[in-house]
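> structure for the following, please:
(chains A, B, C and D)
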There are 2 protein chains.
Amino acid sequence: MQRSSRKKSITIKDVASVAGVSYQTVSRVINDSPNVKTAVREKVRSAIDELGYVPNIAARRMGGNRSYLILAINDRARTLDNWAVGRGNDWVDQMLYGGMMESEDHGYRLVFELVDTEQPAASKQLATAISSLRPDGVILTPPHSENQDLADLLDANGTPYARMGSIGKTDGVNVIMDDEAAAFAATQHLLKMNHRKVAFISGSPDYLASSCRLDGYRAAMKQANAEIHPAWEQPGDFSFVSGAKAANTLFTMDDRPTAVIASNDEMAFAVLHEAAKRDISVPDQLSIISFDDTPGVRFSVPPLTAIRQPIAAMAKTAAKELIQNGANAQTGKEITLPFQLIVRQTTGPAPK
Amino acid sequence: MQRSSRKKSITIKDVASVAGVSYQTVSRVINDSPNVKTAVREKVRSAIDELGYVPNIAARRMGGNRSYLILAINDRARTLDNWAVGRGNDWVDQMLYGGMMESEDHGYRLVFELVDTEQPAASKQLATAISSLRPDGVILTPPHSENQDLADLLDANGTPYARMGSIGKTDGVNVIMDDEAAAFAATQHLLKMNHRKVAFISGSPDYLASSCRLDGYRAAMKQANAEIHPAWEQPGDFSFVSGAKAANTLFTMDDRPTAVIASNDEMAFAVLHEAAKRDISVPDQLSIISFDDTPGVRFSVPPLTAIRQPIAAMAKTAAKELIQNGANAQTGKEITLPFQLIVRQTTGPAPK
DNA sequence: ACATTGCATGTGAACGTTCACAACAAAAAA
DNA sequence: TTTTTTGTTGTGAACGTTCACATGCAATGT
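You can find the predicted model right below:
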């Protein structure tokens, strides 16, 4: 007798009886097991189509040791903050895009979870999520990707993980962008247009990417034999105010730079803002390049030339690694994805 | 003997033996069943804390008839398109925000799925998703919310559903914004600033909201005894070009309107653009109000005054209804949420 | 005092799948 | 041919939970 409160669903056994084989054979077909005769496989396949059978993900998790779930962790406070003010959340969007597409291709599902950044809350929340979900892999995004406690927790639990944007790690899979090369390319782009006085506004020293970008800038300047005036390297912390302060310092110098590279969009906006205040025309008298290329940059006046992080591709790669290699390849593998320099209207030839 | 390939996890039986009760009693505590003595409940609770036990969602789904999952369906093509070009996806962001927050509060999880808009692909994809996931409820967003086949499918399956932004439905739960009242308020805002010549650019007639907005505009004009010049009601289809065309028509009239309401941001941008081309200063000579308030509007020059759809609140409400009322209350219930008129810098007093 | 109700707890089965292993057939090797 | 290996199919158990029902015991009503 059917339990009244349950909805009945099409099961593997229904398929088996229609196809005239055992349920285990159906399971083999679903899982692309090699040891099934072609004729039998076809018979099962058509029974599946006929019934519209779809395997139940919860039961698969229960029976086997895979959940067909990839868990992606994002910074709770920052994400909610962005959402709450009606700002979009570029990182989340791009991550979902890449992660979902790749997961889907492999019959997996991406589950998206917000986790606080403070310890021990972060560890506790992650532990709860993996106990509840038992995902086959976890994607850690900044700043969680820099939290070794979380990685250790996942190690102890035996759950594979991939980090996005963290360099120099010796555990897990790490998908990164070459920040140094990107900064090098941005600087070179300016040098090629005869800029010699190129300034650089750094990001927060808490992020490894900040120093990489600075290194790339220095390397490009050195290669071109361009002298770096000490004051051209301005500190910043990714905030608008820090960008404005840096721009202010740069613009009041006797020998004003003709180009500025800002380590993120927010600070580039500030530079643009300060330039407008002083009637410094962009790009005629000043070129600006920013990092990140968040959606807002296309709306600035003029639209910003920017280095675009391949966030979607990074998420896609992270998901792919977790799905394909799973518990293996936990070697601290580092995969570098190419950046893009998107030339818009804040860069032009150096003024004479 | 433990199966070697399986990770062992803390189960309800572990908790039961620590607490010295049966596993069913633990289950009762987890599910807040009333018939448990307070002393026993406390004992179980502390055992749960001690072990760090978290119920496994897959097993809960298997044992019971709830999956603790809410499925949110979005338009695949549009979402991917937005993501692919690096535009954000305001609707998705806001929906995730509201939906996730509410789900989380109830121990549920929001799963986000992209579905094509064409039939029969849409039905097939939805059927696959619900077979695989067996969610306790489905949130349908535009344009899926207007696809009755999907609602019928869910009805047949016995899965509760909530629509966002669809009016006049007699089935499911429907969470909406009062588009007519919003247009009324927008119009009134202009009338109060002595505008009499207020034009209105409609949205695509495929969307019910379009006609509601037009009705609201007309009602406000009528109430203020403001005459509507026939050409002030311009047709549009939510696209930039349709907005530009409408603006062009309006601006070449002998008796040019002093204010324009555009049925979405995209068309409002077009109006702004056309006005700039003709050196019509905003808001001195022309006021503009748009609908939707997507993140880009704050970057327009000047920033647009806009009607903001409460998407996050709508998603939150939809999730809440599904979680709390579930299979009941499938009456075609309609819940209206308040809109917001966000006054920025494209509206001002009518020119003398 | 006895039957009746309601509350608190426990036991066995079920959910839909995969795993482990058994069984058998067919092909290859001896 | 006989033995061994390899490939194909089937059976029983397990996963971690909730459901249905049974049981015991206290409180209530007569």
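
> show me the shaky parts of chain A.
Chain A contains residues with pLDDT under 70 at A:1-7, A:87, A:299, A:327, A:329-330.

> DNA strand C contacts on that one?
A:2-3, A:6, A:8-9, A:11-13, A:23-24, A:27, A:30-31, A:53, A:55-56, A:59-60, A:62-66 (C-beta under 7 Å from any atom of the strand). (Each C-beta comes from the backbone N, C-alpha and C, glycine too.)

> ok, 6 Å please
Contacts of chain A with DNA strand C, taken as C-beta under 6 Å from any atom of the strand, map to A:6, A:8-9, A:11-13, A:23-24, A:27, A:30-31, A:55-56, A:59-60, A:62-65.

> which phi and psi does residue A:195 have?
For residue A:195, the backbone dihedrals (degrees, to the nearest 10) come out as phi -70, psi 140.

> isn't residue A:187 right up against residue A:217?
Yes: with contact defined as C-beta atoms under 8 Å, residue A:187 counts as touching residue A:217 (5.0 Å).

> state which one residue of the stretch 101-250 of chain A is found closest to DNA strand C.
When distances are taken as C-beta to the nearest atom of the strand, the stretch 101-250 of chain A reaches nearest to DNA strand C at residue A:107, 10.1 Å away.

> should've said chain A
Counting by C-beta to the nearest atom of the strand, chain A gets nearest DNA strand C through residue A:63, at 2.1 Å.

> run a quick neighbour tally on that residue.
Look at residue A:63: counted by other C-beta atoms under 10 Å in any protein chain shown, it has 13 neighbours.

> for residue A:136, see how far away it is.
According to C-beta to C-beta, to the nearest Å, residue A:63 stands 14 Å off from residue A:136.

> try residue A:89
With C-beta to C-beta as the criterion, residue A:89 and residue A:136 are 25 Å apart.

> same drill for the two, tell me which one is more crowded.
Set residue A:89 next to residue A:136 and count neighbours by other C-beta under 10 Å: residue A:89 wins out with 26 against 20.

> for the residue of chain A closest to DNA strand C, give me its contacts.
Listed by C-beta atoms under 8 Å, 6 or more residues apart in numbering or on different chains, residue A:63 has no contact partners.

> what's the answer for the one 4 residues further on, then?
Neighbouring residues of residue A:67 by C-beta under 8 Å, 6+ apart: A:57, A:60-61, A:133-136, B:58.

> just residue A:218 next, same as before
With C-beta under 8 Å, 6+ apart, residue A:218 has these contacts: residue A:228.

> distance check, it against residue A:322.
35 Å.

> secondary structure class for the residue nearest to residue A:163 when sequence neighbours are not counted?
In space, residue A:163 comes closest to residue A:145 once its chain neighbours are excluded; the distance is 3.9 Å by C-beta to C-beta, 6 or more residues apart in numbering or on different chains. What DSSP: H, G, I helix; E, B strand; the rest coil gives for residue A:145 is helix.

> and the residue of the stretch 1-150 of chain A found nearest chain B, how many neighbours?
Nearest residue of the stretch 1-150 of chain A to chain B: residue A:88, at 3.1 Å (C-beta to the nearest C-beta). Applying other C-beta under 10 Å, we find 23 other residues in the vicinity of residue A:88.

> equivalent analysis for residue A:133, please.
22.

> which ones are touching residue A:255?
A:197, A:229 are the contacts of residue A:255 under C-beta under 8 Å, 6+ apart.

> ok so it is a helix residue?
No: counting by three-state DSSP, residue A:255 is not part of a helix but coil.

> can you put the contacts of residue A:67 in a markdown table and add secondary structure and distance to DNA strand D?
Conversion of the contacts of residue A:67 to a markdown table gives the following (DSSP: H, G, I helix; E, B strand; the rest coil; distance: C-beta to the nearest atom of the strand, whole Å):
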| residue | secondary structure | distance to DNA strand D |
| --- | --- | --- |
| A:57 | helix | 13 |
| A:60 | helix | 9 |
| A:61 | helix | 8 |
| A:133 | helix | 12 |
| A:134 | coil | 8 |
| A:135 | coil | 15 |
| A:136 | coil | 15 |
| B:58 | helix | 7 |
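
> all good on my end, thank you.
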